[in-house]
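Student: turn this into a structure:
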Amino acid sequence: MTWVNLAGYAASLLVFATFCMRTMVPLRVAAIGSNLCFIVYGAAAGIYPVLVLHVVLLPLNGWRTLQMLQMTRKIARAARGDQSLDALKPYMHAQRRRKDDVIFRKNDHADNMYLVTKGELIVDELGFVLREGDLFGEIGMFSKARTRTFTVRCLDEVMVQSISRDDVARITFQNPAIAFHLLTLITNRLVDDLARMEAARTG
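Tutor: Prediction:
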């Protein structure tokens, strides 16, 4: 058996391996390996359709692998809590609210969430103050009932940015790291809210 045949068999084996893999990065790496082997096989054996096909597929698989690695790093940053919400901001709409304005009341329909950019707000039922950089309203928006769980009121003049549920759905589909960050945020918020309610009940 010549080395040319070995390259062909190795390429075929790597293609078969891609069908057995369950995660995308190893699959793409195996696909790149098969592209390289097929390029060697096609060039050495003079099978030019195979050569041209895999010369084209090699940079495509390399690009897709790079995208997957970048997305994995973004998700890892989101898991550590350092993923910003910058991807949401271009889709947000600024609102100026006056002191004592109610952003929403408990049991209102929840169709958007908010980011505080100036001022302070209070969650009436918990006595918890929201400040610049805090995100709120996300729990009701993602809940099955789609209703607000608390009332949020302005303590002074406030600037907030809002984003709709539909826009969030589109963005998180395009950027899974944002989805992971929101999942982490919602989970932590629920845990904190439960702890505050327990402290208020026992205190």
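
Student: lowest-confidence helix or strand of the chain?
Tutor: helix 176-202 (a mean of 73; mean pLDDT, DSSP states H and E).

Student: quick one: mean pLDDT over the lengthiest helix in the chain.
Tutor: For the chain, the helix with the greatest residue count under DSSP state H is helix 48-79. Summarised as a single mean, pLDDT over helix 48-79 is 81.

Student: immediately after that helix, which helix or strand?
Tutor: Next along the chain after helix 48-79, taking DSSP states H and E as the criterion, comes strand 93-97.

Student: check which helices and strands that following strand sits against.
Tutor: strand 158-164 (3 or more C-beta pairs under 8 Å, 6 or more residues apart in numbering; DSSP states H and E). Bear in mind the C-beta positions are built from the backbone N, C-alpha and C, glycine included.

Student: the strand it packs on: which residues count as buried?
Tutor: Of all the residues in strand 158-164, those buried under the rule 16 or more other C-beta atoms under 10 Å are V158, V160, Q161, S162, I163.

Student: and this structure, what are its domains?
Tutor: 3-79, 89-202 (automatic domain parsing).

Student: how far off centre is the longest one?
Tutor: Going back to what we said before, that points to domain 89-202. 18 Å (C-alpha atoms, centre = their mean, to the nearest Å).

Student: end to end on it, go ahead and measure it.
Tutor: From its first residue to its last, domain 89-202 covers 39 Å (C-alpha to C-alpha, to the nearest Å).

Student: shift numbering so it begins at 21
Tutor: Let's use 21 as the start, then, which means that last one is domain 109-222.
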